[in-house]
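> Got a predicted model here, sequence first, then my questions.
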Amino acid sequence: MTLNIRPATVEDAPALCDVNLRSIREICGKDYPPDRLDTWCANKVPGNYLKWLADPKLRLYAGERDGRVAGVGLLDVNGWIFLLYVEPEALGSGLGKALLAHMEQEARAMGLGRLQLKSTITARDFYARQGYEDLGPTGDEIPSFRMEKAL
C-alpha cells in the first residue's frame with residue numbers, strides 16, 4: 001500500500017466531497033444523531049471544495065491510497081485545520097496521520113508556531129495521540145473539542 005499527500009486539484013473536488021461525506025456519516029455517525037449529521041454535511045458539496053481551492057488563505061490536500069483519493073485535509077494560513085477526514089476503508093492505514101503530518105509541516109513552512117482545530121468526538125483520541133492538547137468542549141451545535149498543538 002502506498003500513501004501520498006498532495007495539493008488538491010479542481011478535478012479532485014467530487015472525490016474529496018465523497019470522502020468527507022462518507023467519513024462523517026459512516027465513521028462519525030456512531031457518535032452523533034442523524035439530525036446533527038445532516039447539519040454537519042450540509043456544506044459538503046463539490047462546489048465548496050472548488051471555493052476552498054480558490055481561496056488564497058486555504059490549503060486543500062488530497063490524501064491518496066494506492067493512487068486513489070481516500071482522504072481530505074484543509075488548512076488555513078492562520079493555523080486552523082478545518083478538515084481532516086479519511087474514507088472508512090482507510091481507517092488504520094496511516095493516511096490520516098500522514099495528512100496531519102503534512103499539514104503540520106506546511107504550517108511550519110508558513111512560519112506558524114501552533115495549530116488549532118475542532119475535533120469530533122470520534123477523532124479526539126486520534127489527535128491526542130498526535131500530541132494535540134484538549135482544551136475542552138467548544139459549545140458548538142455539533143459537539144466538538146477545541147484542540148491545539150505547538151509546532
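Perfect, thanks for sending it.

> the strands in the protein, which residues?
3-7, 58-65, 68-76, 80-86, 114-120, 133-137, 144-150 (DSSP state E).

> any chance of those in TSV, with distance to Tyr49 too?
In this view, the C-beta of every residue, glycine as well, is placed from N, C-alpha and C. Formatted as TSV, those follow (distance: least, C-beta to C-beta, whole Å):
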stretch	distance to Tyr49
strand 3-7	13
strand 58-65	7
strand 68-76	8
strand 80-86	9
strand 114-120	18
strand 133-137	28
strand 144-150	21
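
> Could I get those in TSV, plus columns for mean neighbour count?
Formatted as TSV, the strands of the chain follow (neighbours: other C-beta atoms under 10 Å):
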stretch	mean neighbour count
strand 3-7	15
strand 58-65	22
strand 68-76	23
strand 80-86	22
strand 114-120	19
strand 133-137	11
strand 144-150	18
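
> would a markdown table of those strands with mean pLDDT and distance to Trp52 be doable?
Shown next, in a markdown table, are these (pLDDT from 0 to 100; distance: least, C-beta to C-beta, whole Å):
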| stretch | mean pLDDT | distance to Trp52 |
| --- | --- | --- |
| strand 3-7 | 98 | 12 |
| strand 58-65 | 98 | 5 |
| strand 68-76 | 98 | 6 |
| strand 80-86 | 98 | 8 |
| strand 114-120 | 98 | 16 |
| strand 133-137 | 97 | 25 |
| strand 144-150 | 98 | 19 |
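
> Out of those strands, flag the one nearest Arg25.
Closest of those to Arg25 is strand 80-86, at 10.8 Å (criterion: C-beta to C-beta).

> quick check: longest helix of the chain.
If you go by DSSP state H, the chain has its longest helix at helix 95-109.
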